[in-house]
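[1] Take this sequence and fold it.
(chains A and B, ligands or ions: 1)
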Amino acid sequence: MPSESIGGAPGTAVRPAVDGDCVAHFTRRITAAGASLVRTESFATIPEAVRAFLDELGFSYNLVCSGERAFDTIAWPAGFTLALRTAADGDHSSLTGVVAAVAETGSLVVAAAHHSPNTLHFLPENHIAVVRTSQVLRHLEDVWRLMREHSGMPRALTFITGPSRTADVEQTIQIGAHGPRRLHVVLVDA
Amino acid sequence: MNTTAHGFKERSVKALQNTTLQEALARAYGGFVHKRQAAIDALPEFDALCEQARRIKDHALDHLDHYLEGFEAALTAEGGKVHWARTPEEACQQVVAICRAHQARRITKGKSMVGEEIALNEALEANGFEVVETDLGEYIIQLAKEPPSHIIAPAVHKTRGEIAQLFHTFHQRIERSQPLAEVPDIVEESRQVLRSVFLSADVGITGANFLVAETGSVVLVTNEGNGDLVSTLPPVHIVVSSIEKVVPTLEDVTTLLRVLGRSATGQAMTAYTSLLTGPRRADDRDGPSAMHVVLVDNGRSAMLGTAFRDMLRCIRCGACLNHCPVYGAIGGHAYGWVYPGPMGAILTPRILGLRAAPDLPQACTLNGRCQDVCPVHIPLPALLRKLRMEAFTQRITPPRARFPLALWALLAKHPRLYHGVMTLAAGLLGRLGQRRGRFRTLPFARGWTEGRALPTPAVQTFQSCWKHRRRSDPS
Ligand code: SF4
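    Model prediction:
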């Protein structure tokens, strides 16, 4: 990532206080933003959490997914199909990991990459995101630190804070505009 | 879009008489104001963040060339291409040329106020491209063939009934006997209709909320997710942005994002905030294979050395519109161009020239609320006063306003004359109106008395009362 010469605006940085437990803060924030969230103790119990979510809404177990290493190690029960590919119209549900989550705003951070096609985050009706508790960062700035430590900015880096919405008709907030109608977070103690 | 910044008065009168518009405005006004207040009450650091935001924008403007070149270098290194446009015509030509080079037919668009400013849709359509707006508000006004009436809620002037009627007229393929009635149904139908458009577009065009010099990233803030679909699905992504949107670093843009969402919709973070940095990487499975950024000046650099430079800090949050009693009464269309409310009353004459918008600087009560709520502390009332002075000295102020002002100035400079005229006028009006205590109509001021009565002034002026008292009670 360039460049040292750019510098920045002078002055001391102010950040909103995020006191105490980041994971609790994140949980409060993202659910207030309209996402559903379930916490589970290990990777082995992810399928259960996913199944419960899909069953309640009556969706099939066909998922388009990103190439999280953790997904490969999970024993997916019969009936589940996971396809690692870009999302297409008609895909109901996607399952992805995240590069981080932010307690301050209750956001997921997703990045476009070979193993993480960007369409997975925007096209399907249901976006199921697996977040490890260790991925929850305190402030937005912590994400930049992460980017700088790794390979720099991806093609697209998105902070997702709740499902898609619009208030363009009479200022009434309506969920499910063009992006996912539902954002379901599976928070794993890991 | 075409400029109709002339005729402000006529449009204002029409707006005030339009009951559907008044209904829509009343609803929007309260909503925005309360949501913003709640978000700010929940963030003790808000004022400090605003002060920091102001510093960042001032710093970026002080070194605008440096950061723009930095942005270009960083984006180029990631495979993107930057184009520079001095005028709206140049910008439109560049976008048209890119679309031609890619043999595009259908273009999807995310909401872009700069796009409105340079009349991009008109230029694209004139060159035979099909353009579809995808932000629901923009889509609605595109169907209605109207300009936006608010910078973040373009269709805020439309009621759900009007929107349903538009859908009924334009979505012929969907069979139904009655127009839709409920908000969820309207949103659902737009989702279905636009889905296939998203997937079949050849080029996607968006605006930018910010540009980050350090990384060459374009920052896009939406709630619908349409901006991400527009910038990911088609093979080409074009960004149109004005030059003052550049900020130095990722940390800087973070501060601006913290105040933008809260000031605009009362959200700490909108549903989607994306940083787009170049076209798809070698092994990416999706994303556009080309990314272009058209940087538009259109009068900005000419504002740099002047008092109006402060206006370039504007991050288009819309708070000044939402808190403006004049905007709240007449809505955005009366302002006649793409930018309404206090920020528009300054930007429009600056970009188009004062002669094109002679009435806009007058459309203000100087109550100061806009400045109080502006997250980057733009002294909007002071800039409006400055424009009024310019209009007066350049003799652009209309005669009906010039003459009384000149008369008053003459009197104010000659105390004896002032005293004499006031005594005469107060005495005359006072005696004439004594019986009723007010005037229902006044010759020469019918327009003013149409909506209100003028209370009868006291027979004696303040000065003569004062003198009288001093004489009778010298202590
Ligand atoms: S002038 Fe200030 S309040 Fe108005 S839109 Fe710009 S930043 Fe927001």
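
[2] Residue nearest the middle of chain A, spatially speaking?
    Residue closest to the average C-alpha location in chain A (Cα atoms, centre = their mean): residue A:108, at 4.0 Å.

[3] That one in helix, strand or coil?
    strand (DSSP: H, G, I helix; E, B strand; the rest coil).

[4] so who does it touch?
    A:30, A:98, A:101, A:129, A:131, A:159, A:160, A:161, A:183, A:185 (Cβ atoms under 8 Å, 6 or more residues apart in numbering or on different chains). All C-beta spots, glycine's among them, are computed from the backbone N, C-alpha and C.

[5] so it bridges to which residues?
    Listed by DSSP bridges, the beta-bridge partners for residue A:108 are residue A:101, residue A:160.

[6] can you list the residues of chain B near the ligand?
    B:263, B:314-320, B:343, B:373-376, B:378 (Cβ under 6 Å from any ligand atom).

[7] do that again at 5 Å, thanks
    B:314, B:315, B:317, B:319, B:320, B:343, B:374, B:378 (Cβ under 5 Å from any ligand atom).

[8] wait, which of those is closest to chain A?
    residue B:315 (14.1 Å; Cβ to the nearest Cβ).

[9] Find the residue closest to the closest one in space, skipping its chain neighbours.
    With sequence-adjacent residues excluded and distances taken as Cβ to Cβ, 6 or more residues apart in numbering or on different chains, residue B:315 is closest to residue B:260, at 5.4 Å.

[10] The one you found is in contact with residue B:319, isn't it?
    No: when contacts are counted by Cβ atoms under 8 Å, residue B:260 is not listed as touching residue B:319 (9.8 Å).

[11] which residues are common contacts for those two?
    residue B:375.

[12] For residue B:131, give its distance to residue B:167.
    Relative to residue B:167, residue B:131 is positioned 19 Å away (Cβ to Cβ, to the nearest Å).

[13] Then residue B:350?
    Distance from residue B:350 to residue B:167, by Cβ to Cβ: 37 Å.

[14] repeat for residue B:192
    The value you get for residue B:192 to residue B:167, if Cβ to Cβ is used, is 11 Å.

[15] and those two? which has more neighbours close in?
    residue B:167 (20 against 11; other Cβ atoms under 10 Å in any protein chain shown).

[16] mind checking which helix or strand the more buried one is in?
    helix B:160-170 (DSSP states H and E).

[17] what sits up against that helix?
    Here helix B:160-170 has contacts from A:169-170, B:20, B:140, B:143-144, B:155, B:176, B:178-183, B:186, B:189-190, using Cβ under 8 Å, 6+ apart.

[18] Check the secondary structure at the one residue in the stretch 51-200 of chain B that gets nearest to the ligand for me.
    In the stretch 51-200 of chain B, the residue that lies nearest the ligand is residue B:151 (6.5 Å; Cβ to the nearest ligand atom). In three-state terms, and counting by three-state DSSP, residue B:151 is coil.

[19] Which strands or helices does whichever helix or strand residue B:96 is part of pack on?
    In this assignment (DSSP H and E), residue B:96 forms part of helix B:88-101. Secondary-structure packing of helix B:88-101 (3 or more Cβ pairs under 8 Å, 6 or more residues apart in numbering or on different chains; DSSP states H and E): strand B:81-85, helix B:120-126, strand B:203-206, strand B:236-242, strand B:290-296.

[20] tell me which residues in the helix ranked longest in chain B are buried?
    For chain B, the longest helix by residue count, based on DSSP state H, is helix B:19-41. The neighbour-count check on helix B:19-41 (16 or more other Cβ atoms under 10 Å in any protein chain shown) flags B:21-22, B:24-25, B:28-29, B:31-33, B:35-36, B:39-40 as buried.

[21] I'd say residue A:34 and residue A:162 touch.
    Yes: shown here, residue A:34 and residue A:162 form a contact pair, counting by Cβ under 8 Å, at 4.0 Å.

[22] more neighbours, these two?
    Between residue A:34 and residue A:162, counted using other Cβ under 10 Å, the more crowded position is residue A:162 (26 against 17).

[23] list the contacts for that one?
    Neighbours of residue A:162 in contact, by Cβ under 8 Å, 6+ apart: A:30, A:33, A:34, A:35, A:106, A:183, B:271.

[24] Also residue A:141?
    Contacts of residue A:141 (Cβ under 8 Å, 6+ apart): A:13, A:15, B:250, B:251, B:254.

[25] how about a cut-off of 6 Å?
    For residue A:141, the contact set (Cβ atoms under 6 Å, 6 or more residues apart in numbering or on different chains) comprises B:251, B:254.

[26] list the buried ones in stretch A:121-138?
    Quick answer for stretch A:121-138 (16+ other Cβ under 10 Å): A:121-132, A:135-138.

[27] Can you flag the buried ones in the contacts of helix B:160-170?
    Counted by 16+ other Cβ under 10 Å, those give A:169, A:170, B:140, B:143, B:144, B:155, B:179, B:180, B:183, B:186, B:189, B:190 as buried.
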